[in-house]
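A.B. asks: Provided below are the primary sequence and the corresponding predicted coordinates.
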Amino acid sequence: MPNDVILLKALADELNSSLKGGRIEKIYQPETDEITVLVKNNGKMHNLVISASPSSPRAHLSTQKKENSLSAPAFCMLLRKHLTGGNISDVSIFNYDRIIKFTIDARNELKDVKKYFLIAELMGRYSNIILTDDNFVIIDAIRRIHFDQSTTRYILPNLNYVLQPKNRVSLDDDAALDEVFSSPISSYDELPKLISGIGKETAKEIFSADNPREKIRELTNIYFETSFCPVVTKNSDGKITDYYVYPYSTVNSDFEKSESLNDALNKFYLLRDGEERKKASSKTVTTVLKRLQAKNERRIEDNLSKIKDKDNAEKNRMAGTLLMNYLWMIKPGDKSVTVDGFDGEKVTIPLVADEKPAVTAKNLLKKYNKQKRAVEIAEIQLEELYKQRDYLKSIEVSITNSFTKTEYEEILKELNSINGYKQNKTEKRQKPSAPTRLKFDCCEIIFGRNNLQNNDVTFKIADRGDLWLHVKNHHGSHVIIKGEYADETLLKAAEIAAYYSDANQDGKVEVDYTLVKFVKKIPSALPGQVTYTNYKTVIVTPKKEN
């Protein structure tokens, strides 16, 4: 179901029942276009997410906890200044458009109670989060709209907040709605063109009703109707594909009831937002990796071509040596000389015009020595380049396994160090990402998602007596089990090791396990590269952790 006015009106009513009277404890901005507001109400802490993401604009209560940067962005600091400690007095739909307005009473610097409006415009690529005073004068916005970006509407501090213009009938205009339905409507496709804030699926549901006008009255107050029953739909793989305020009769799908509309949105966006954010965060890292892999392959090909030139180098050595031995045979004006080779066969050596044969022989031997050194260097470089190619492959697996922004930034620094870039001393150092921990009754499974985490898991977190697991002959995560474990736990850890590897698409995967004391770091190797002995092997099916 699209985020049309029908759904947002019900969502605002539900948020109002949960948050009204609540106190704002903390405010974060984990993304450039998203804020998180912690609200305490009736002894319970609520995690309110408001996102102006063009692809996933929304406002709902969430169970997801995102990491926050060490330094808060300017808009986040401004919200903290004005709203922290304030109370939410109302949550409502604004102007019967895709806008949710949060009314907040907070104290200013003089301890006077002042009213603020936090306005969430959830309109696709035009989405925004705007803070205004009680006179709707803009204090600031998460996305400013300057004079050169629009000709009709500007979002800048100290300007009056202006609503988006409407060119269709509003859902709160009863007279206009009566007029719309006074004439026959041939198709549901006409409704979104006539009524503002109606999505196609909602239009189809309204059009199929016996009395479309009454259906609109019901839907605009659906939260207070007995028919209100938030649901989600799933595909054949069990992935949530959509959410509705109640099971639409015009939607041909299996519905699963949710505890609330906020719960339905939370389930849907936990996966979708994670996938979208991961794609955006990994874009830069993937680009740098591909560039390094292409550079690595070019250097390998270049060195292989130098090694293939080894035969030509040997021919130059033989020609130079023979020419030096048979200088006495050469007469002035000869263009070539034929002599007995080292194997007894005749060899014809071309001579350079206007150059003494002795000089030609010396040049051939010099060329041979140069080619010989180039081959020796190429062989050494080729060995290092093959190691680097293998390591870049492990980083490719790390990108797939990683999820948070900090993890991708760590991988980017790792790639930059390979490329010869050094971190700027003035650059702010972020808190390193932590490996994933899964707690069981008597033990704990810990695994890394990138090479730096793998290094920490094996050589900083693990004790010598802990069990260590890694997929056999493939790149993947380092996994350890701390504490006493059962066979079931060992299999679970092996399944995780198989899943977070480049063999996770295989049906059956071999996973080696041994004690940490038998795992050794390769001298002068890059992070995460180890050798191990005294191991056993178990075969499992790759499975993600619960």
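C.D. replies: Looks like it came in fine.
A.B. asks: Q381 and N303, how far apart?
C.D. replies: Separation of Q381 from N303 (Cβ to Cβ, to the nearest Å): 5 Å. No exception for glycine: its C-beta is placed from N, CA and C like everyone else's.
A.B. asks: And the two? Which one has more around it.
C.D. replies: N303 (22 against 16; other Cβ atoms under 10 Å).
A.B. asks: Reduced to three states, what does that one come out as?
C.D. replies: helix (DSSP: H, G, I helix; E, B strand; the rest coil).
A.B. asks: now it: how far from N316?
C.D. replies: N303 is 20 Å from N316, by Cβ to Cβ.
A.B. asks: Same question for K366.
C.D. replies: 9 Å.
A.B. asks: Comparing these two, which residue is more hemmed in?
C.D. replies: N316 (21 against 12).
A.B. asks: Just say helix, strand or coil for that one.
C.D. replies: Of the three states, N316 takes helix under three-state DSSP.
A.B. asks: got a list of what it touches?
C.D. replies: 364-365, 367-368, 371 (Cβ atoms under 8 Å, 6 or more residues apart in numbering).
A.B. asks: list the buried ones in the helix or strand hosting L15?
C.D. replies: Using DSSP states H and E, L15 sits within helix 5-19. The neighbour-count check on helix 5-19 (16 or more other Cβ atoms under 10 Å) flags 5-16, 18-19 as buried.
A.B. asks: What is that helix packed up against?
C.D. replies: Counting contacts by 3 or more Cβ pairs under 8 Å, 6 or more residues apart in numbering; DSSP states H and E, helix 5-19 packs against strand 34-41, strand 44-51, strand 58-61, strand 87-93, strand 99-107, helix 212-220, helix 261-308.
A.B. asks: CA atoms only for the fourth one, dumped as CSV, please.
C.D. replies: In other words, strand 87-93. This file holds the C-alpha atoms of strand 87-93, laid out as CSV (Å, rounded to 0.1, in the frame of the first residue of the first chain):
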residue,chain,number,x,y,z
ASN,A,87,6.5,17.1,25.5
ILE,A,88,4.5,15.9,22.4
SER,A,89,1.0,17.4,22.8
ASP,A,90,-0.4,16.2,19.4
VAL,A,91,0.4,14.1,16.4
SER,A,92,-1.9,14.6,13.4
ILE,A,93,-2.2,14.7,9.6
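A.B. asks: Any idea how far that strand is from the middle of the chain?
C.D. replies: In terms of Cα atoms, centre = their mean, to the nearest Å, the centre of strand 87-93 is found 33 Å from the chain centre.
A.B. asks: Can you report how many residues lie near G86?
C.D. replies: Neighbours of G86 using other Cβ under 10 Å come to 22.
A.B. asks: right, and it touches I24 too?
C.D. replies: Yes. Judged on Cβ atoms under 8 Å, G86 makes contact with I24 at a distance of 5.1 Å.
A.B. asks: Overlap in contacts, these two.
C.D. replies: With Cβ under 8 Å, 6+ apart, G86 and I24 have common neighbours 104, 106.
A.B. asks: Domain parsing of this structure, as residue ranges.
C.D. replies: Structural domains assigned to the chain are 5-165, 280-433, 436-540, following automatic domain parsing.
A.B. asks: Could you check how far the last one is from the centre of its chain?
C.D. replies: If I follow you right, that is domain 436-540. On Cα atoms, centre = their mean, the centre of domain 436-540 falls 24 Å from the chain's centre.
A.B. asks: and stretch 235-248, what's its mean pLDDT?
C.D. replies: For stretch 235-248, the mean pLDDT works out to 87.
A.B. asks: who touches that stretch?
C.D. replies: So stretch 235-248 is in contact with 1, 6-7, 10, 201, 204-205, 219, 222-223, 227-234, 251, 253, 255, 258, 261, 264-265, 267-268, 271, going by Cβ under 8 Å, 6+ apart.
A.B. asks: and those residues, which are buried?
C.D. replies: Looks like those have 1, 6-7, 10, 201, 204-205, 219, 222-223, 228, 230-233, 251, 255, 258, 261, 264-265, 267-268 buried, using 16+ other Cβ under 10 Å.
A.B. asks: any chance you could map the helices in this protein?
C.D. replies: In the chain, the helices defined using DSSP state H lie at 5-19, 74-83, 174-180, 191-194, 200-207, 212-220, 261-308, 310-325, 357-401, 405-418, 451-456, 487-499.
A.B. asks: Format the ones you listed as JSON lines; extra columns: distance to L467.
C.D. replies: As requested, the helices of the chain are exported to JSON lines (distance: least, Cβ to Cβ, whole Å):
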{"stretch": "helix 5-19", "distance to L467": "45"}
{"stretch": "helix 74-83", "distance to L467": "43"}
{"stretch": "helix 174-180", "distance to L467": "68"}
{"stretch": "helix 191-194", "distance to L467": "59"}
{"stretch": "helix 200-207", "distance to L467": "51"}
{"stretch": "helix 212-220", "distance to L467": "57"}
{"stretch": "helix 261-308", "distance to L467": "30"}
{"stretch": "helix 310-325", "distance to L467": "48"}
{"stretch": "helix 357-401", "distance to L467": "20"}
{"stretch": "helix 405-418", "distance to L467": "24"}
{"stretch": "helix 451-456", "distance to L467": "15"}
{"stretch": "helix 487-499", "distance to L467": "7"}
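A.B. asks: can you list these in JSON lines and add mean pLDDT?
C.D. replies: Converted to JSON lines, the helices of the chain look like this (pLDDT from 0 to 100):
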{"stretch": "helix 5-19", "mean pLDDT": "94"}
{"stretch": "helix 74-83", "mean pLDDT": "95"}
{"stretch": "helix 174-180", "mean pLDDT": "89"}
{"stretch": "helix 191-194", "mean pLDDT": "89"}
{"stretch": "helix 200-207", "mean pLDDT": "90"}
{"stretch": "helix 212-220", "mean pLDDT": "90"}
{"stretch": "helix 261-308", "mean pLDDT": "86"}
{"stretch": "helix 310-325", "mean pLDDT": "83"}
{"stretch": "helix 357-401", "mean pLDDT": "88"}
{"stretch": "helix 405-418", "mean pLDDT": "82"}
{"stretch": "helix 451-456", "mean pLDDT": "91"}
{"stretch": "helix 487-499", "mean pLDDT": "93"}
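A.B. asks: between the domains of the chain, which gets nearest to S186?
C.D. replies: domain 5-165 (22.1 Å; Cβ to Cβ).
A.B. asks: end to end, how far does the closest one reach?
C.D. replies: Counting by Cα to Cα, to the nearest Å, you get 15 Å between the two ends of domain 5-165.
A.B. asks: from the chain's centre, how far out does that domain sit?
C.D. replies: Distance, centroid of domain 5-165 to centroid of chain: 25 Å (Cα atoms, centre = their mean).
A.B. asks: One more: stretch 232-248?
C.D. replies: Centroid separation between stretch 232-248 and its chain, computed with Cα atoms, centre = their mean, is 24 Å.
A.B. asks: how about it: buried residues?
C.D. replies: Within stretch 232-248, the residues that count as buried by 16+ other Cβ under 10 Å are 232-233, 240, 242-248.
A.B. asks: And the furthest pair within those residues?
C.D. replies: Farthest pair in the buried residues of stretch 232-248, by Cβ to Cβ: I240 and Y246, 16.6 Å.
A.B. asks: and the nearest residue in space to N450 that is not next to it in sequence, how many neighbours does it have?
C.D. replies: Leaving aside its chain neighbours, N450 sits nearest to S398 (3.8 Å; criterion: Cβ to Cβ, 6 or more residues apart in numbering). Look at S398: counted by other Cβ under 10 Å, it has 28 neighbours.
A.B. asks: what sits against S398?
C.D. replies: With Cβ under 8 Å, 6+ apart, S398 has these contacts: 411, 449-451.
A.B. asks: again, but for N68
C.D. replies: Contacts for N68 (Cβ under 8 Å, 6+ apart) come out as 28-30.
A.B. asks: where's the dip in pLDDT among these?
C.D. replies: Where pLDDT dips furthest among these: P30, at 89.
A.B. asks: How many residues are close by that residue?
C.D. replies: The burial count for P30: 20, using other Cβ under 10 Å.
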